[in-house]
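Asks: here you go, sequence then predicted model.
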Amino acid sequence: MTDYLADVKKYDAGASEDAVNKIVKHLGIALRNRDSSLVSCSDPKELDRVRTNWIEKKLGVSDEAKANSVIEKVCQELSADRTKSRVTFYYLTAKHLGKLGSL
C-alpha cells in the first residue's frame, strides 16, 4: 500500500491526514490499478475527467475556467514528479479551491 499521506506532504507539509483518507476512500478501487492511480497532465481527456468527476461533481465547483486554472496550477506544481499520484493531485486541487473542509 502506498503511503499517500507522505506523498501529499512532499507538497503540503501540513497536510490533513483526515482529508487524505477521505480522498483515498473516495477513489477506492481506482487506486488498485497503477494506471488509474496516476494522473497524466499531458492527456486532455484525463484532465477533463478530473474536472468533471472530481472538481465539479465531488467539490461542487462548476466554474470551468476556475477548475482549469487550478488543474493547470497543480500540473505545474507536480511537474518534477513523473508519476503524479491521483490522491496527491486531488488533494492539491481541493486545497487550491479551498474545499478540503468539504470532503
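Replies: Sure, I can see it. Numbers count the residues shown, from 1 in each chain.

Asks: what separation is there between residue 34 and residue 96?
Replies: Per C-beta to C-beta, to the nearest Å, residue 34 is found 26 Å from residue 96. In this view, the C-beta of every residue, glycine as well, is placed from N, C-alpha and C.

Asks: between those two, who's got more neighbours?
Replies: Using other C-beta atoms under 10 Å as the criterion, residue 34 and residue 96 rank with residue 96 on top: 16 against 8.

Asks: residue 10 versus residue 32, what's the distance?
Replies: 22 Å.

Asks: the more surrounded of the two?
Replies: Legend: neighbour count by other C-beta under 10 Å for residue 32 and residue 10, higher for residue 10 (13 against 9).

Asks: pLDDT on stretch 52-62, on average?
Replies: Averaged across stretch 52-62, pLDDT comes to 95.

Asks: what lies in contact with that stretch?
Replies: With C-beta atoms under 8 Å, 6 or more residues apart in numbering as the test, stretch 52-62 has contacts from 26, 67, 70-71, 90, 93-94, 97, 99, 102-103.

Asks: give the contact list for residue 86.
Replies: Here residue 86 is in contact with 27, 30-31, 36-39 (criterion: C-beta under 8 Å, 6+ apart).

Asks: what's the answer for residue 6, then?
Replies: By C-beta under 8 Å, 6+ apart, residue 6 has no neighbours at all.
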